[in-house]
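Trainee: The following comprises the amino acid sequence and a computationally predicted model.
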Amino acid sequence: MQINEFPMTRGSRLIIERLRSRGYLAYAVGGAVRDFIMGREYNDIDITTNALPDEVTDVFSDMRVIDTGIKHGTVTVVSMGEPTEITTFRADGKYSDGRRPGSISFVRTLKEDLARRDFTMNAVCYGPGEGYIDMFGGIADISGRTIRAIGDPETRFTEDALRILRAARFSAQLDFYPEERTLEAAASCRALLRSVSAERICAEWMKLVGAPGAPRALSVFSPVIAEFLPEAEPVCRSEYTKQVFDSLGVDPAFRTGALFAMPVIWGEKRADKAVYDFRSSAARLRFDRKSASAGEAIVLGCSRSTASLRDALRLASEIGVKEASACLRIMAAAGGGDPGLAAELEQAVANGTCISISSLAVNGDDLMKLGMRGREIGNALTAMLGKVIDGEIENSRAALLGWCRKHYHSFSNK
């Protein structure tokens, strides 16, 4: 595999050159190097060195140095306006909680440092004037789009259980496939995920499910998904998941909601049970409020009968246009709806069709002038919106006020 020279930023190159001028080893390592080899865009460049943290601080005493994680050997140096993380070569002690080492020790050789990392693709280094250093076959695995644990995969996953989910996320993001031993170890060690915080699992899940290759990764890693999201795992293996996800775009909350909604569309699960399952899962994984609300709207919306544009408009008035459109696309892709209805809804809204109380040609002040008060105003506005959506009343001030005067007493008696 022919690889061009890794293009260091001015700031990161200066850091490496200065460390080397003081007699230390220093290399770019990790995701940025991997992504460049793949031809992907990359952001931050991480640097690994045999200089101890206090030695790094001394070397860059004329620059801003931040103690990012100094007890783990990491400091951040702001060079040429670029914040760059510099981590000392280290070896991890025994992992007691399945998430982080109980201790670390600083080492002086690059190989010892690279051997503690998760996957071969993340252990490729680059040194200016020296080229790529690949001690574990990472370049070949990048070329072959392979996720391979460094050393014994069960050991790597036992050290840090979150690596199991990172493997699934990398598979989805990079379109890589786990090699056999790594996949088998991920499945056999999946119970270790119980030791990982819900917040960390949620963060990895959202990146995974929102990635372009999510359908295949969810299927390949379905035993792992079953460990923390058992309610959705059966759908992860469905042949419909890819076309449903493709119809939605990459919104992770919508995609998660779709996994819970699809059994409702197929008549395999009651809507109330699907909503309960989603709420329970969202609470268990600590979804943020926005994601939980969006996902629940998808499950609720997909349980509604939407055979016509009027049905779609009513749905949009209740859960939002984006959410309703997503529901219509899910239902169509899953084999249970009109494939053109989402576009019709979007066009109708773009043309100014009224779907909200705020879009009515009258407001609460207008109804107060008719003598209405309190709850009856809200009841009247809601009723008029329904009539407008159904095409029974024109959305004009005259028509709405006329209808309201005619039905005023019915609202007063509610």
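Mentor: Everything's here; your move.
Trainee: which SSE is Tyr132 in?
Mentor: strand 131-133 (DSSP states H and E).
Trainee: Run the chain-centre distance for that strand.
Mentor: Its chain's C-alpha centre and that of strand 131-133 lie 32 Å apart, by C-alpha atoms, centre = their mean, to the nearest Å.
Trainee: distance of the nearest residue to Val275 once chain neighbours are set aside from Arg200?
Mentor: The spatially closest residue to Val275, leaving aside those adjacent along the chain, is Val299, at 5.3 Å (C-beta to C-beta, 6 or more residues apart in numbering). All C-beta spots, glycine's among them, are computed from the backbone N, C-alpha and C. Using C-beta to C-beta, to the nearest Å, Val299 is found at 25 Å from Arg200.
Trainee: now swap in Lys207 and tell me
Mentor: Taken as C-beta to C-beta, the span from Lys207 to Arg200 is 11 Å.
Trainee: Could you do Val77 as well?
Mentor: For Val77 relative to Arg200 (C-beta to C-beta), the value is 27 Å.
Trainee: Which residue of these two possesses the greater neighbour count?
Mentor: Val77 (25 against 16; other C-beta atoms under 10 Å).
Trainee: correct me, but the more buried one touches Ile15?
Mentor: Yes: here Val77 reaches Ile15: they are 6.0 Å apart, a contact under C-beta atoms under 8 Å.
Trainee: Return every residue with contacts to both of those two.
Mentor: 60, 84, 86 (C-beta atoms under 8 Å, 6 or more residues apart in numbering).
Trainee: Tell me which residues of the helix or strand harbouring the last one come out buried.
Mentor: It refers to Ile86. For Ile86, the enclosing helix or strand under DSSP H and E is strand 82-88. For strand 82-88, the buried set under the neighbour-count rule, 16 or more other C-beta atoms under 10 Å, comprises 84-88.
Trainee: residues making contact with it?
Mentor: 9-12, 15, 19, 26, 44-53, 56, 66, 68, 72-78, 106.
Trainee: Tell me which other helices or strands the host helix or strand of the residue nearest to Val275 touches.
Mentor: Assigned by DSSP H and E, Val299 belongs to helix 289-301. For helix 289-301, the elements it packs on are helix 252-265, helix 271-284, helix 309-319, helix 321-333, judged by 3 or more C-beta pairs under 8 Å, 6 or more residues apart in numbering; DSSP states H and E.
Trainee: that older thread, the residue nearest to Val275 contacts Leu259, correct?
Mentor: No: Val299 lies out of contact with Leu259 (C-beta under 8 Å); the separation is 9.4 Å.
Trainee: So if I had to pick from the two, which one is more boxed in?
Mentor: A direct count of neighbours by other C-beta under 10 Å for Val299 and Leu259 places Leu259 higher, at 30 against 25.
Trainee: Contact partners for that one?
Mentor: 232, 235-236, 241.
Trainee: ok, now with 10 Å
Mentor: 209, 218, 225, 229, 231-236, 238, 241, 244-245, 274, 277-278, 281, 295, 298-299, 330 (C-beta atoms under 10 Å, 6 or more residues apart in numbering).
Trainee: same deal with Gly386?
Mentor: With C-beta under 10 Å, 6+ apart, Gly386 has these contacts: 314, 317, 392-393.
Trainee: and if we set it to 8 Å?
Mentor: Here Gly386 is in contact with Arg314 (criterion: C-beta under 8 Å, 6+ apart).
Trainee: Show the contacting residues for the residue nearest to Val275.
Mentor: 257, 260-261, 264, 271, 274-275, 278.
Trainee: repeat that for 10 Å
Mentor: Here Val299 is in contact with 256-262, 264, 271, 274-279, 327, 330 (C-beta under 10 Å, 6+ apart).
Trainee: now do Tyr132
Mentor: 3, 5-6, 27-28, 33, 37, 124-126, 138-139.
Trainee: how does this protein divide into domains?
Mentor: 1-144, 145-228, 232-353, 357-412 (automatic domain parsing).
Trainee: Ala399 - how many residues pack around it?
Mentor: 16.
Trainee: Surely it is in contact with Ile393?
Mentor: Yes: applying C-beta atoms under 10 Å, one finds Ala399 in contact with Ile393, separated by 5.5 Å.
Trainee: Show me whatever sits in contact with both of the two.
Mentor: 361, 384, 387.
Trainee: still on that earlier bit, now render the domains of the chain as CSV, adding mean pLDDT.
Mentor: Shown next, in CSV, are these (pLDDT from 0 to 100):
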stretch, mean pLDDT
domain 1-144, 89
domain 145-228, 96
domain 232-353, 94
domain 357-412, 85
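Trainee: quick one on the thing from earlier: could you export the strand holding Ile86 as PDB, CA atoms only?
Mentor: Below are the C-alpha coordinates for strand 82-88, written out as PDB (Å, rounded to 0.1, in the frame of the first residue of the first chain):
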ATOM      1  CA  GLU A  82      -3.100  24.800  18.000                       C
ATOM      2  CA  PRO A  83      -3.900  22.800  21.200                       C
ATOM      3  CA  THR A  84      -2.100  19.400  20.800                       C
ATOM      4  CA  GLU A  85      -2.200  16.500  23.300                       C
ATOM      5  CA  ILE A  86       1.100  15.000  24.200                       C
ATOM      6  CA  THR A  87       1.200  11.700  26.100                       C
ATOM      7  CA  THR A  88       4.100   9.900  27.600                       C
END
